[in-house]
Structures are given as C-alpha cells and as structure tokens.
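>>> Model the structure of this input:
(2 chains)
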There are 2 protein chains.
Amino acid sequence: MNALSQRSSDTTPLIPVLAIVGLGLIGGSFAAALKAAGGAGRILGVGRQPDTLSRAQSLRLIDQAVTLEQALEQADVVMLATPVGAIRSLLETMQPLLRKDTIVTDAGSTKFDVVTAARAVLGSKLSQFVPGHPIAGAEQVGPESADANLFRDRNVVLTPLDETSDDALSRITAAWQLCGARVLNMAPDIHDTVLASVSHVPHFLSSVFMWQVATAEDSDLRLSLAGSGFRDFTRISAGSPEVWRDIFLANRTAVLTELDQVRHALTQAEQALQAGDGPALLDFLERAALARRFWGSRSGLS
Amino acid sequence: MNALSQRSSDTTPLIPVLAIVGLGLIGGSFAAALKAAGGAGRILGVGRQPDTLSRAQSLRLIDQAVTLEQALEQADVVMLATPVGAIRSLLETMQPLLRKDTIVTDAGSTKFDVVTAARAVLGSKLSQFVPGHPIAGAEQVGPESADANLFRDRNVVLTPLDETSDDALSRITAAWQLCGARVLNMAPDIHDTVLASVSHVPHFLSSVFMWQVATAEDSDLRLSLAGSGFRDFTRISAGSPEVWRDIFLANRTAVLTELDQVRHALTQAEQALQAGDGPALLDFLERAALARRFWGSRSGLS
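Below is the predicted model:
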C-alpha cells in the first residue's frame, strides 16, 4: 500500500513510530518539524551520549530515549542523523535486526560513500533504504539548536538506489514535504560533486582562513579589527569539527578536485593583482558580484 | 580652540557645515548618523553622478547638492567617502581651494596610499587632514543603503600624521563618537597589514570562489543546491566591484603577502585531506571552530 494513499484514508500519522539516531541540529529539527506537522506518532531517540538524549527529551523533541535495538523493534522509520562517518557501522549493527517493514533513511552530507556502504552491508534489505541529504544550516550544534522550520523551503536531495522500494521512497519524500522542504532526486555521485563545490569547499576555505588568522602572531590585533565581512565569511568555520572531518574524508576526491579548480582561479586573480591590472580585477569582481546578486535574488536565502 | 570645549560652551553643532563627497553606503550613513546625533548643521553633497545626489537629497541625507568648489567655500569638514582610488585626484583638486580652517577627512579602506598621496599633494595644508577608515559593512551600495546606526559599536581607525593638528584630530574623533563608533589611532602601514588579513583577503577569496562557481559548466545546478553556508561565505562578493578593485590595487603588497600565507595553510590542510589524515583534519577544524566561536562571543558581531 502506498504511504500517501494510506495516510489519506485514516488518521494514522505518516510515520506512527519514528526513531532518530543522533539528536543534533538535523535530527532534532526533523523531529520538531514532523511533530509540528503531525507526521509522526511516537518519536524515539537513539544516541551515544545520554546527556544529549535527556536534553532532547526535556526539549520534547523525542518521547523516549531507547537503545538502537529497542528502536528497531518498534520503529516504522529510522532516520540516521549522525555525522556521516558513523553511518556504515550503524548499518552493520542494524542489518540483522531490521524488520522487513522498517524504512531506513539518512541525512548524511555525502551520498556516494553512504550508498556504497549500504550496498555492501544491507544485502536483501537494501530496498528498505532511502539515502538523503537535507541542505540546511549546520553551524549550530546540539538539540537546543533544533528548529521546526529549519527545512522550510530548503532543498532535500534523495539519492534512491535502483533497489529502493517505491513505498519507502514515497514515504520519505512525503515526510520531508511535511517538513516544508522541496525534494529532489539525484544520482549520489552528482550530489557529491555539486555539494563539494557549493558546500564542502566553502567550509574548507573558511576554516583554513580562520585557522590562519587565529594562528598568526598578531592574531589578537587582527581579530579586534575584524568586521561584518569577516563575520559572514568565517561563520561556517564554527561548525562541528567532527561532522566536517567526516564530510571531507567521505568526499575527499571531489573536494580535492574542486579545490584545484579554486586554486586555478585564485592564481589567475592573483596574477592580475600582481600585475596591477585594474581592468582584469574589475572584470572578475564584477562577474562575481553580479552572479552573487542574481543568486541572492532568486534563492530566497539572502 | 578645541572642538569639544567649543561644543560644550554653546549650541553650535560640532560640524556647522559638513560636505560629503560620495553618497554611497559610508558617506550616506555618516550623514544620517551625524544628523541623527545633532552633530552636523547643514550637510552638502558632492558627487560625479547627479542621479545619486538627487536620491541622497530625496532621502534627506543631504540638504543640498553642490560642486566640490562650492563645498570648499562653505564646509567646516569635508568627508571623502569615495572609492579609495579617487582620493588622490580629489586632494589635488582641493589643495589650492582649501581654506585654512577646513578639516579634510576620508573613509578610504586603505590608509598608507591615502597618507602618501596627502603628503605628496597637500603641502602646507597637511595639518588639516585626518585619514580614517570606518570598519563597517560594505556589500550594499547606493544612498538607499544608508543607515544612521551603521557605525554604532563599530571600530573607526584614524591614522593621523605627525603634522595633523590636534584640533582636526579631536573634531573628527568626536564626530565618529557621535555616530556611536569606537575610535582607535594606528599607524597607516599597520592598519593596512591588519585589514589585508581580516577584510581584503576574505573579499578576494569569496569573490574568486563565487567567480569559479558561476563560470563552471554546471553552474545552474550548483547554484540551485547552494545553501546557507554558501550564502554567508559569498555574501561579501556582492560588494561594489569598483570599490574593491581600488582597495586591492591600493593594498596590493599586503594582500599578496597575506594570500601567500593563506595558500600555505591551504596546502597543509589539503595534504592532510589527501593523506586521509583524520586527526590532522580534526585538529585544524577544531582550532578554526574554537577561534571563531570565541571571536563571535566577544565581537558583538555574531
């Protein structure tokens, strides 16, 4: 039975029992958004840190903290919202315990490695897995940052496998739509290449820059004169180091390829500056400014 | 007579007649802030583009649009708020017309070149010049972006010359303080080195990155999946191309030196990624994140 037709025929929520593994910004916001939309009945929380789980429970993001094993006994959908480096070993632990009618999805920031791990680990249960990535802010950490509106008008990319069942895909699609998101389907390697460019490389550059300023001998003086441009440019570097280490390692090849492209562009721009070539500098600055203003006016993000 | 003691002894505003050359974000906000604080009597506007001046007048930022010559006949203080590349030729035009009791100041984003130009051009009138730089947002353009609160709790760096008169320095200091700013004095070369690091290099990198993404073959797909991290990282690249071309050319040596340092840090981080060295990646990401969070909690900017 299709998830959507089932839902319209009675008052059972889209996901009667939802288990979320990892109650950070993404996991917590998914819980909050689905609860607000009436898309989840009971919400179970799973995590390594008891403190995080009890804060998530105090914040009413989850109804109960349980073990992974308990979650797999009850859940209709399991959302893996951990750093992407933890997903493979989670799938390995889950595989033998996974009931036939349980759907597993994830929110990992890279998809090719997750799909590869799922293919290697899940065996006959591969059809129950829907790989996904909500493209939403990540510099806040912890359940306190959860926001029921985090995904509203944001893109969520799903990278279903050929084996993924239609029912699983349509139910996860419907869940994200209930959170207010736009859902796109895409091949995992395309997702990773595009995200390397517009998400991973900016984070890498912002962090390298912040690190360079903070380790300079006169860093106190520098930081005392840093203004709003610095603030915006470095904001993402405050994000979770563990999350981003995992992303960079998981998407290493695409990130290094994109960084090469940026270095090439940087060299061109530096050569124009070295030569004092005002028209060439103006040309590249104008192209950047026009592209950014056009994107800003269309993205709904700025 | 000292500007501050004069002010406390009667109801004459700090600057009876203020002329502003260049009615963009900075010039317009200086007008709005001083007017709101009662620090300026009449405000005259000077600029190359009649349309900008008439918009500034409609917005009540200026009382009257005048020529530079007319401004110099009347003004007690002349604020040069043009792109930094225009300042030398403005000083050349102004020098023979400058009355003895007129103070000239500027808001140029680089200071060594402005000081060098002033020294070369102003001759015996050098004591009337107070070089300055308000460190405040610059990605908006035009008089419509003017904001009376733009400088509130922001730093303004003045780089007075040995020749700068105490009266001129104290009056410009008082004017910025009326705008709500913190005023710091600094040598021009130190200012330029520090700003190369925390302002010019971020703008250069942000613009290079935006340019690289926008000129990629699949730029539409990339930009359709760009999220809030991309938004923040690229925000400054929307700033005025002319303003930033001038800044980069004026501060070329310091910017290129800093870019070398960033490249060096980038190479180290890339090598860690290439090697799949998780601990090294985590270490640099943690240093960046901690430094950014600490700065954010102290700067009042984030």
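>>> Any buried residues in the helix or strand harbouring A:Arg119, and which?
If you go by DSSP states H and E, A:Arg119 is part of helix A:112-121. Residues of helix A:112-121 classed as buried by neighbour count (16 or more other CB atoms under 10 Å in any protein chain shown): A:Phe112, A:Asp113, A:Val114, A:Val115, A:Ala117, A:Ala118, A:Val121. In short, each C-beta sits where N, CA and C put it, glycine included.
>>> what sits up against it?
A:84, A:87-88, A:91-92, A:95, A:106, A:108, A:126, A:129, A:131, A:159, A:161, A:188-189, A:191-192, A:250-251 (CB atoms under 8 Å, 6 or more residues apart in numbering or on different chains).
>>> Now with 7 Å, please.
Identification of contacts with helix A:112-121 by CB atoms under 7 Å, 6 or more residues apart in numbering or on different chains yields A:84, A:87-88, A:91-92, A:95, A:106, A:108, A:126, A:129, A:131, A:159, A:161, A:188-189, A:192, A:250.
>>> Distance check, A:Val114 against A:Thr159.
Distance of A:Val114 to A:Thr159, given as CB to CB, to the nearest Å: 8 Å.
>>> same question, A:Pro279
In terms of CB to CB, A:Pro279 sits 44 Å off from A:Thr159.
>>> More neighbours: which of those two?
A:Thr159 (22 against 8; other CB atoms under 10 Å in any protein chain shown).
>>> hang on, A:Leu61 packs against A:Leu23?
Yes - A:Leu61 is within contact range of A:Leu23, at 6.4 Å (criterion: CB atoms under 7 Å).
>>> more crowded one of those two?
Using other CB under 10 Å, the more surrounded residue of A:Leu61 and A:Leu23 is A:Leu23, with 31 against 24.
>>> Who are the contact partners of the spatially closest residue to that one that is not a sequence neighbour?
Nearest residue to A:Leu23 in three dimensions, chain neighbours excluded: A:Ala56, at 4.0 Å (CB to CB, 6 or more residues apart in numbering or on different chains). The neighbours of A:Ala56, taking CB under 7 Å, 6+ apart as the test, are A:Leu23, A:Gly28, A:Gly45, A:Ile62, A:Pro143.
>>> so where does A:Ala56 fall, helix or strand?
Per DSSP H and E: helix A:50-58 holds A:Ala56.
>>> what do you get for A:Asp162?
Assigned by DSSP H and E, A:Asp162 belongs to no helix or strand.
>>> Next one: it relative to chain B, how far apart?
Distance, A:Asp162 to chain B, using CB to the nearest CB, to the nearest Å: 22 Å.
>>> Give me the number of neighbouring residues for that residue.
Applying other CB under 10 Å, we find 6 residues neighbouring A:Asp162.
>>> next one: the one 5 residues further on
By other CB under 10 Å, 17 other residues sit near A:Asp167.
>>> before we move on, what about A:Val262?
21.
>>> mind listing what the closest residue to it other than its chain neighbours touches?
Of all residues not flanking A:Val262 in the chain, B:Gln212 sits nearest, at 5.3 Å (CB to CB, 6+ apart). Residues counted as contacts of B:Gln212 (CB under 7 Å, 6+ apart) are A:Gln261, A:Val262, A:Ala265.
>>> The second one and B:Met210 touch, don't they?
Think A:Val262. No - A:Val262 lies out of contact with B:Met210 (CB under 7 Å); the separation is 10.5 Å.
>>> Once you drop chain neighbours, what's closest to the spatially most central residue of chain A?
Centroid-nearest residue in chain A, with CA atoms, centre = their mean: A:Ser109, separated by 4.3 Å. The shortest distance from A:Ser109 to any non-neighbouring residue, by CB to CB, 6+ apart, is to A:Ile247 (4.7 Å).
>>> Secondary structure element holding the one you found?
Element membership of A:Ile247, judged by DSSP H and E, is helix A:241-250.
>>> Which secondary structure elements does that helix sit against?
Counting contacts by 3 or more CB pairs under 7 Å, 6 or more residues apart in numbering or on different chains; DSSP states H and E, helix A:241-250 is packed against helix B:278-299.
>>> give the contact list for the residue lying closest to A:Glu242 once chain neighbours are set aside.
Nearest residue to A:Glu242, sequence neighbours excluded (CB to CB, 6+ apart): A:Pro83, at 5.4 Å. For A:Pro83, the contacting residues are A:Glu242, A:Val243, A:Asp246, by CB under 7 Å, 6+ apart.
>>> State the number of residues packed around the last one.
In other words, A:Asp246. 24.
>>> Could you measure from A:Arg263 over to chain B?
Distance of A:Arg263 to chain B, given as CB to the nearest CB: 8 Å.
>>> Can you flag the buried ones in the contacts of helix A:112-121?
A:84, A:87-88, A:91, A:95, A:106, A:108, A:126, A:129, A:131, A:159, A:161, A:188, A:192, A:250.
>>> what distance separates stretch A:247-262 from the centre of its chain?
Its chain's average C-alpha position is 17 Å from that of stretch A:247-262, according to CA atoms, centre = their mean, to the nearest Å.
>>> whoops, stretch A:219-235 was the one
With CA atoms, centre = their mean, you get 27 Å for stretch A:219-235.
>>> Wondering if it reaches chain B at all.
Yes - using CB under 7 Å from any CB of the partner chain, stretch A:219-235 reaches chain B at A:221-223, A:225-235.
>>> Identify all contacting residues around that stretch.
Stretch A:219-235 has contacts (CB under 7 Å, 6+ apart) with A:139, A:206, A:209-210, A:213, A:216, B:135-138, B:154-155, B:194-195, B:197-199, B:202-203, B:206, B:232-233, B:235-236, B:292, B:295, B:299, B:301-302.
>>> Fine by me, thanks again.
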